[in-house]
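Visitor: what follows is a predicted structure for the sequence shown.
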Amino acid sequence: MLNQTNVVGRGAVSNSAGRFEQYASEATDDGWEIEEELPPLRTEVRDEVARSFITYNRSPDLPFDRSINPYRGCEHGCAYCFARPTHAYLGLSAGLDFETRLIARPNAADVLRRELSARSYKVSPIALGTNTDPYQPIEKARGITRDCLSVLQDFQHPIAIVTKGALIERDLDILAPMASQGLARVGISLTTLDADLSRKMEPRAPSPKRRLRMIRRLTEAGVPVRVMTSPVVPGLTDHELENLLEAGCDAGADSASWIMLRLPREVSQLWQEWLEVHEPNRAAKVMARLREMHGGKDYDPRWGHRMRGEGVYAEMIAKRFKTTVERLGLATKTPALRCDLFAKPPQVGDQLDLF
């Protein structure tokens, strides 16, 4: 395991080899007994030429059947991120590699335009930011998310965005007009109101106060926002549930949702390492609550179960959420995004209409 001093400002505290790798490396004492400070980990970004871009799913747990992700890996570094295991498919670690060795897809907008133009394409809302955050810090320089939004606007295609990134405010010139047509909405993840805990758990994401300002800015511009109290971390953030919903509502959110902490594959070990470093006194309680909801296991991936768990504790959280959203007037279901406006814009080489 890497020493904690090497990973200041990062979420994971180790970098174990991916599950598909044949070999692994491990830091060891060289015996010279000379104290050396390793340099801080820098973010590396490589480009990937995308051959396809829209990903389809058939999960009954999700309210959408397709999504797009301009980046692989996420610099926000959230310690609990369920998407971390996807880095193993790239031959990289779900730990520090996930937040420091990123993949950008610079031709994503061109591929998206081609896929939406296909005769066989049937319109349905696209989810943006389901795997990694489309407004993570590198988006400021790369602008791939904005390019994709421009394509969706050209096609009048419905889009639902999930993010923690304040950079979304840059794209209000696209999102506000789309929202006015019923084509766009946004979900802002609000995990805790404790700035210190957020800094440790989501080290490179905007602070809770900044995310509340994002909600206010978006809603004032006419973009509907859902406050996502996700993930609920038992024994760590669960006591904040009502306060999170109230803060989101006061900022202008018109709907809300929640998901319990999920620990698929490598995330379980990474999360337990994080607890031992940052919250050692709560580690046993957090893991006991999670196992209680998953039949003694750290995680149960069954459809209909993985997002919420089951048992007395899970039912209590669900009841608290339901009671609070009813009191605040927050919706749990939102109006469907419009699909009837979808139209393929004229392309170079198209035959012109006679009339």
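Guide: Received the coordinates, thanks.
Visitor: quick one: residue 135 and residue 163 touch, right?
Guide: Yes: applying Cβ atoms under 8 Å, one finds residue 135 in contact with residue 163, separated by 4.7 Å. Bear in mind the C-beta positions are built from the backbone N, C-alpha and C, glycine included.
Visitor: what about these two, which has more around it?
Guide: residue 135 (28 against 25; other Cβ atoms under 10 Å).
Visitor: next up, the contacts around the more buried one.
Guide: 129, 145, 163-168 (Cβ atoms under 8 Å, 6 or more residues apart in numbering).
Visitor: change it to 10 Å
Guide: Applying Cβ atoms under 10 Å, 6 or more residues apart in numbering, one finds that residue 135 lies in contact with 70-71, 76, 128-129, 145-146, 161-171, 205-206, 214.
Visitor: from residue 171, how far off is the nearest residue to it once chain neighbours are set aside?
Guide: In space, and not counting its chain neighbours, residue 135 is closest to residue 165: 2.6 Å by Cβ to Cβ, 6 or more residues apart in numbering. To residue 171, residue 165 is 10 Å away according to Cβ to Cβ, to the nearest Å.
Visitor: who's more crowded, the two?
Guide: Counting neighbours by other Cβ under 10 Å for residue 165 and for residue 171 shows that residue 165 has the greater number, 28 against 22.
Visitor: got the confidence number for that one?
Guide: The score at residue 165 is 97. That number is its pLDDT.
Visitor: what about it, distance to residue 79?
Guide: From residue 165 to residue 79 the distance is 17 Å (Cβ to Cβ).
Visitor: next one: residue 19
Guide: Residue 19 sits 19 Å away from residue 79, going by Cβ to Cβ.
Visitor: and the two? Which one has more around it.
Guide: Between residue 19 and residue 79, counted using other Cβ under 10 Å, the more crowded position is residue 79 (24 against 12).
Visitor: dihedrals phi and psi, that one?
Guide: Backbone torsions for residue 79, taken as degrees, to the nearest 10, come to phi -60, psi -30.
Visitor: same question, residue 196
Guide: Per-residue torsions, residue 196: phi -70, psi -40 (degrees, to the nearest 10).
Visitor: give me the neighbour count for it.
Guide: The burial count assigned to residue 196 is 8, neighbours taken as other Cβ under 10 Å.
Visitor: restricting to C-alpha, output stretch 324-333 in CSV.
Guide: The C-alpha atoms that make up stretch 324-333 are tabulated as CSV, following Å, rounded to 0.1, in the frame of the first residue of the first chain:
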residue,chain,number,x,y,z
THR,A,324,-39.2,14.3,4.3
VAL,A,325,-39.8,14.7,0.6
GLU,A,326,-43.6,14.7,1.2
ARG,A,327,-43.2,17.4,3.8
LEU,A,328,-41.0,19.5,1.5
GLY,A,329,-43.1,18.9,-1.6
LEU,A,330,-40.2,17.4,-3.5
ALA,A,331,-41.1,15.0,-6.3
THR,A,332,-39.6,11.5,-6.6
LYS,A,333,-40.8,11.1,-10.2
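Visitor: what lies in contact with it?
Guide: Under Cβ under 10 Å, 6+ apart, the answer for stretch 324-333 is 63, 224, 226-227, 229, 241-246, 248-250, 253-258, 321-322.
Visitor: neighbours of the closest residue to residue 157 other than its chain neighbours, how many?
Guide: Nearest residue to residue 157, sequence neighbours excluded (Cβ to Cβ, 6+ apart): residue 342, at 5.7 Å. Using other Cβ under 10 Å, residue 342 has 17 other residues around it.
Visitor: is it true that residue 342 touches residue 121?
Guide: Yes: using Cβ atoms under 10 Å, residue 342 is in contact with residue 121, at 9.1 Å.
Visitor: so for stretch 85-97, what gets flagged as buried?
Guide: Across stretch 85-97, burial judged by 16 or more other Cβ atoms under 10 Å covers 85-88, 90, 92-97.
Visitor: same question but for stretch 169-185, I mixed them up
Guide: By 16+ other Cβ under 10 Å, the buried positions in stretch 169-185 come out as 170-172, 174-175, 178-179, 182-185.
Visitor: what two of the residues you listed are the furthest from one another?
Guide: Using Cβ to Cβ, the buried residues of stretch 169-185 reach their maximum pairwise distance at 170 and 182, which is 22.2 Å.
Visitor: and the lengthiest helix in the chain, what's its mean pLDDT?
Guide: Looking across the chain with DSSP state H, the single longest helix is helix 312-328. Mean pLDDT, helix 312-328: 97.
Visitor: for the residue nearest to residue 155 when sequence neighbours are not counted, give me phi and psi.
Guide: Using Cβ to Cβ, 6+ apart and skipping residues adjacent in sequence, the residue nearest residue 155 is residue 116, 5.1 Å away. Torsion angles at residue 116 (phi, psi; degrees, to the nearest 10) stand at phi -70, psi -20.
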